[in-house]
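> Build me a structure from this.
(one chain, ligands or ions: 1)
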Amino acid sequence: METIGLFGGTFDPIHLGHLRAAAEVRRRTRLARILFIPSYLPPHKTPGTAASPADRLRMVELACRRRAGFEASPLEVDAGEKSYSILTLRKVRALAPRARLFFILGGDAFLDIGPWREYEKVLRERFFIVTGRPGFDLERAREVLGGRLRDDIGPLASPGSLSGTAPPPTRVVLLPIRALDVSSTKIRAKVRRGEPVEGLVPRAVAAYIREHRLYRGRQEP
Ligand code: ATP
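Numbers count the residues shown, from 1 in each chain. The predicted structure follows:
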């Protein structure tokens, strides 16, 4: 059975923290591929502080180039309006009807799942891989939705165990990773201060930021 990880985010911009997390997830779970799905967000109120959806998608494409098993997905950007995970899921499902789909999220993003549209349904029907992030104790993820999901959260049984034909024993798999202490917020702040961001984002992304003069606005709102 084909296994696909769906890694959504603002990716404003995509950075080596995202890529390291996805690479570790793929190595440990042996998912066949990971789709990076930048969200659509309406153009920013303060010009120059955030990149357009098209620029964010382009940077994700550049980052996925020559990284085996990583793909950029235009699904949400092309929708041209705020997309809900449940709708994205249905679109991916239509493209890959037989695949087993996993949402990949950092623990911080997972704790924030309450406001997702039809989140109960998403949680019932889909699998999740929740990763750590510097400064975030992954065990906190067990408290999501007031601890209601505790029985459905567990560790990765063994390397590669998500890629077999049998579904994983728990819907939510906690996967501790050696995460990098990088965030898009820090990168935007560095660009604004005129500091180099090589070493925090792929080289092609750093060049794109420079060429397109992204994140040069005075400050974030
Ligand atoms: P911002 O600083 O603008 O809030 P961000 O760096 O948190 O951005 P997002 O695009 O919001 O990036 O994150 C997308 C997903 O990637 C989320 O699930 C988030 O938890 C995860 N993530 C972000 N940075 C890291 C990191 N350094 N290590 C592991 N996971 C990360």
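> which other helices and strands contact the top helix by length along the chain?
Looking across the chain with DSSP state H, the single longest helix is helix 16-29. Secondary-structure packing of helix 16-29 (3 or more CB pairs under 8 Å, 6 or more residues apart in numbering; DSSP states H and E): strand 3-9, strand 33-38, strand 70-72, strand 100-106, strand 127-131, strand 172-175. Every residue, glycine included, has its C-beta placed from N, CA and C.
> Could you give me the buried positions within it?
16-26, 28-29 (16 or more other CB atoms under 10 Å).
> what about it and the ligand, any contact?
Yes: on the criterion CB under 6 Å from any ligand atom, helix 16-29 is in touch with the ligand at Gly17, His18, Ala21.
> same deal with stretch 144-157?
No: Stretch 144-157 does not reach the ligand (CB under 6 Å from any ligand atom); its nearest approach is 13.3 Å.
> mind checking the end-to-end distance for that stretch?
End-to-end distance of stretch 144-157 (CA to CA, to the nearest Å): 21 Å.
> Poorly predicted segments of this protein, please.
219-221 (pLDDT under 70).
> what does it have sitting close to the ligand?
So the chain meets the ligand at 9-12, 17-18, 21, 105-106, 108-109, 131, 133, 179-180, 182-185 (CB under 6 Å from any ligand atom).
> go with 5 Å
Residues of the chain found near the ligand (CB under 5 Å from any ligand atom) are 9-11, 17, 21, 105-106, 108-109, 133, 179, 182-185.
> burial of Pro176, as a residue count?
Residues lying near Pro176 (other CB atoms under 10 Å) number 16.
> from what I can see it touches Pro134, true?
No: Pro176 is beyond contact range of Pro134, at 11.8 Å (criterion: CB atoms under 8 Å).
> Nearest to Leu145, out of the helices and strands packed on helix 16-29?
strand 172-175 (10.9 Å; CB to CB).
> Counting by contacts, list what the closest one packs against.
Counting by 3+ CB pairs under 8 Å, 6+ apart, strand 172-175 packs on helix 16-29, strand 127-131, strand 153-155.
> repeat that for 6 Å
strand 127-131 (3 or more CB pairs under 6 Å, 6 or more residues apart in numbering; DSSP states H and E).
> How much space separates the closest residue to Phe128 other than its chain neighbours from Ile113?
In space, and not counting its chain neighbours, Phe128 is closest to Val172: 4.5 Å by CB to CB, 6 or more residues apart in numbering. Look at Val172 and Ile113: by CB to CB, to the nearest Å, they are 10 Å apart.
> Those two: who's more crowded?
Val172 (23 against 20).
> Which strand residues bridge the more buried one?
Beta-bridge partners recorded for Val172 (DSSP bridges): Phe128, Ile153.
> Only the buried subset of the residues of the chain next to the ligand, as a ChimeraX command please.
Paste this into ChimeraX to select the buried members of the residues of the chain next to the ligand, with burial taken from 16+ other CB under 10 Å:
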select :9,11,17,21,105,106,109,133,179,182,183,184
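> which among the residues of the chain next to the ligand gets closest to Pro43?
For those, the nearest to Pro43 is Thr10 (13.5 Å; CB to CB).
> quick one, what contacts the closest one?
Ser39 (CB atoms under 6 Å, 6 or more residues apart in numbering).
> tally of neighbours for Gly217?
Neighbour tally, Gly217, other CB under 10 Å: 16.
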